[in-house]
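Student: quick one, what's the 3D model for this:
(one chain, ligands or ions: 1)
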Amino acid sequence: MDESTSRREPKNGPVARTPSRLVSVLMGVTASAVALVAGYQLTNQITESFRVSATTTSRPAPPSVDLAPAVDPIEELQLEVQSGDTLDSLFRDTSLSTLDLAEIMQLDVARKYLRVLRPGDVLVVRHDGGQILQLDRELDIRTKLEVQRDGAGFQASVIEMPIESRIVMAAGQIRSSLFEAAQEARISEKLIMNVAQIFAYDIDFVRDIGAGDEFAVVYEELWRDGVKLGEGGVLAAEFMNRGARFTAIRYQDADDRSSYYTHDGQPMRKAFVRAPLSFTRISSGFNPARRHPILNSIRAHQGVDYAAPKGAPVKASGDGRVIFRGWKGGYGNTIILQHGGNVTTLYGHLSKFGGRGYGSRVQQGDVIGYVGATGLATAPHLHYEYRKNGVHLDPRTVILPNAEPLRGQALTAFRASAEPLLQRLEGRTSMLAANRAQ
Ligand SMILES: [Zn+2]
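Tutor: Here you go, the predicted model:
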């Protein structure tokens, strides 16, 4: 079977081939389909065969009897867009009416969502002998474009699709890297990155993650018709880092803003993140025998060094203002930020600067430069310092002021919603034991 024919097979369901088209799928009868057909130029014969074919697909047919329809059934095609395809070519290749297509493209909504096709997109077309009855295109997990024949013409609308949210839990233990642990726990990179972001104010994920650390995460999975579509948000998470336990629970306030809090309603979010670099696959590897590789020791070393590849983005650890941007002796290309509370942070050995000039305001997470090896550095790394009132402090352990905790009614509501999630997280130990037994 060559690729050009196989690629348009539906993902599931019975497949029969006829010379005139690539794929024929017998549809199940639905009230709406019948109503649609009834409003259309239609013979009894088609209605009849439609009903017959529906019966044959709803029950497994005896193996010896071939019940392939003798007359044109109404068919559903799944057209998967390949590079170079256009709607026109897809319609021609599958003998669908290009006149119908032209008419459909007169509709603003249809044109808006069909004009651009990307490889991998799927169009689901229901047709009767090439005449379009319905055309669907999923726009995202929750919405789709639906074009339907409506009397002599067509109508198009964007409709919301039902989605089922399942709350699930995963747990992992780190042996070599957080990514590997995530993989073993069967959660995606995106999800573990979300977890790392939630704890970024308490844990230095670039340097302080070690073998034996454990995590648990309660999150949403999005499903439809028994198919998993993707992951929703993290509802609660727990991280055991070098014996210290951190717990975060999502809470949606009265204004529908959601953020994460500790079990007693203190915000996870703080004025500074621990590490001014994103934890990535590249920087995540660590050597258990040498957890704190010091790449160079400039004079009395008063900062933290982060081994990272040249060009890795360096991010402002907190909101502030650029008070130095330039060459600074052994530090090479350097940025210094002034923050509230008389705190300054310094970022050295940069290969180049980000877009923020001297005097600019920056927000936590803004890219202010890129890792390099300028100045007295033997290999690319970031040298990071945190000073309060001019005194060097260890940015990984300094106590950071919390934002406003939850109080009163909000705290009561939070406690009620947190309770079942905390119970769920308690299952971490037994889940890890079960993982190991597998
Ligand atoms: Zn250093």
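Student: point to the residue nearest the middle of this structure.
Tutor: residue 190 (5.5 Å; Cα atoms, centre = their mean).
Student: secondary structure element for that one, which one?
Tutor: Residue 190 belongs to helix 189-198 when assigned by DSSP states H and E.
Student: list of residues touching that helix?
Tutor: Helix 189-198 has contacts (Cβ atoms under 8 Å, 6 or more residues apart in numbering) with 178-179, 181-182, 203, 205, 215, 217, 219, 231, 233-234, 237, 239, 248, 260, 268, 279, 281. Just so you know, the C-beta spots here come from the backbone N, C-alpha and C atoms, and that holds for glycine as well.
Student: can you show me the helices along the stretch 301-438 of the chain?
Tutor: Secondary structure of the stretch 301-438 of the chain (DSSP state H, counting those that start in this stretch): helices at 408-425, 428-437.
Student: need those in JSON lines with mean neighbour count, mean pLDDT and distance to the ion, can you?
Tutor: Shown next, in JSON lines, are these (neighbours: other Cβ atoms under 10 Å; pLDDT from 0 to 100; distance: least, Cβ to the ion, whole Å):
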{"stretch": "helix 408-425", "mean neighbour count": "15", "mean pLDDT": "94", "distance to the ion": "37"}
{"stretch": "helix 428-437", "mean neighbour count": "13", "mean pLDDT": "84", "distance to the ion": "36"}
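Student: where does pLDDT dip in the stretch 101-250 of the chain?
Tutor: Applying pLDDT under 70 to the stretch 101-250 of the chain picks out no residues at all.
Student: can you give me the strands in it?
Tutor: In the stretch 101-250 of the chain, the segments counted as strands under DSSP state E, counting those that start in this stretch are 122-128, 131-138, 143-150, 153-160, 164-173, 214-224, 227-241, 244-252.
Student: cool, and the stretch 301-438 of the chain?
Tutor: Assigned by DSSP E, counting those that start in this stretch, the strands in the stretch 301-438 of the chain fall at 304-307, 313-315, 320-327, 333-338, 343-350, 352-353, 361-362, 367-370, 381-388, 391-393.
Student: please work out which of these is packed deepest.
Tutor: Highest mean neighbour count of the strands of the stretch 301-438 of the chain: strand 343-350, a mean of 24 (counted as mean count of other Cβ atoms under 10 Å).
Student: give me the sheet partners of that strand and which way each runs.
Tutor: The strands beside strand 343-350 in its sheet (DSSP bridges) come out as strand 333-338 (antiparallel), strand 381-388 (antiparallel).
Student: which residues touch the last one?
Tutor: The one in question is strand 381-388. The contact list for strand 381-388 (Cβ under 8 Å, 6+ apart) reads 272, 275-277, 295-296, 298, 302-308, 312, 314, 317, 331, 341-350, 371, 373, 377, 392-395, 398.
Student: go on, stretch 256-265?
Tutor: Residues contacting stretch 256-265 (Cβ under 8 Å, 6+ apart): 198, 233, 246-253, 267-269, 405-407, 410-411, 414-415, 418, 422.
Student: now a PyMOL select for only the buried ones of those residues.
Tutor: In PyMOL, a selection of the buried entries from the contacts of stretch 256-265 looks like this (16 or more other Cβ atoms under 10 Å):
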select buried, resi 198+246+247+248+249+250+251+267+268+269+406+414+415+418
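Student: same for the ion: which of the contacts of strand 381-388 are within range?
Tutor: Among the contacts of strand 381-388, the ones lying near the ion by Cβ under 5 Å from the ion are 303, 305.
Student: thinking again about what came up before, save the helices of the stretch 301-438 of the chain as JSON lines, and put in distance to residue 82 too.
Tutor: Formatted as JSON lines, the helices of the stretch 301-438 of the chain follow (distance: least, Cβ to Cβ, whole Å):
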{"stretch": "helix 408-425", "distance to residue 82": "43"}
{"stretch": "helix 428-437", "distance to residue 82": "40"}
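Student: looking at those, spot the one closest to residue 80.
Tutor: Set against residue 80 and scored by Cβ to Cβ, the helices of the stretch 301-438 of the chain come closest in helix 428-437, at 36.2 Å.
Student: format the CA atom coordinates belonging to the closest one as CSV.
Tutor: Extracted as CSV, the C-alpha positions of helix 428-437 are listed here (Å, rounded to 0.1, in the frame of the first residue of the first chain):
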residue,chain,number,x,y,z
ARG,A,428,2.8,9.1,47.2
THR,A,429,4.7,6.5,49.2
SER,A,430,2.5,3.6,48.3
MET,A,431,2.4,4.7,44.7
LEU,A,432,6.2,4.8,44.6
ALA,A,433,6.3,1.3,46.1
ALA,A,434,3.9,0.1,43.5
ASN,A,435,6.0,1.7,40.7
ARG,A,436,9.0,-0.1,42.0
ALA,A,437,7.2,-3.4,42.1
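Student: and the angle for it with helix 408-425?
Tutor: 30 degrees (axes from the mean of the first three to the mean of the last three Cα atoms, to 10 degrees).
Student: need the pLDDT of the one residue in the chain that gets nearest to the ion.
Tutor: In the chain, the residue found nearest to the ion is residue 383; the distance is 3.4 Å by Cβ to the ion. Residue 383 is assigned 92 on the pLDDT scale.
Student: report the beta-bridge partners for it.
Tutor: Note on residue 383: beta-bridge partners residue 305, residue 348, judged by DSSP bridges.
Student: re earlier: so can I have CSV of the strands of the stretch 301-438 of the chain showing distance to residue 75?
Tutor: Output for the strands of the stretch 301-438 of the chain, formatted as CSV (distance: least, Cβ to Cβ, whole Å):
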stretch, distance to residue 75
strand 304-307, 58
strand 313-315, 51
strand 320-327, 62
strand 333-338, 62
strand 343-350, 60
strand 352-353, 58
strand 361-362, 58
strand 367-370, 51
strand 381-388, 59
strand 391-393, 70
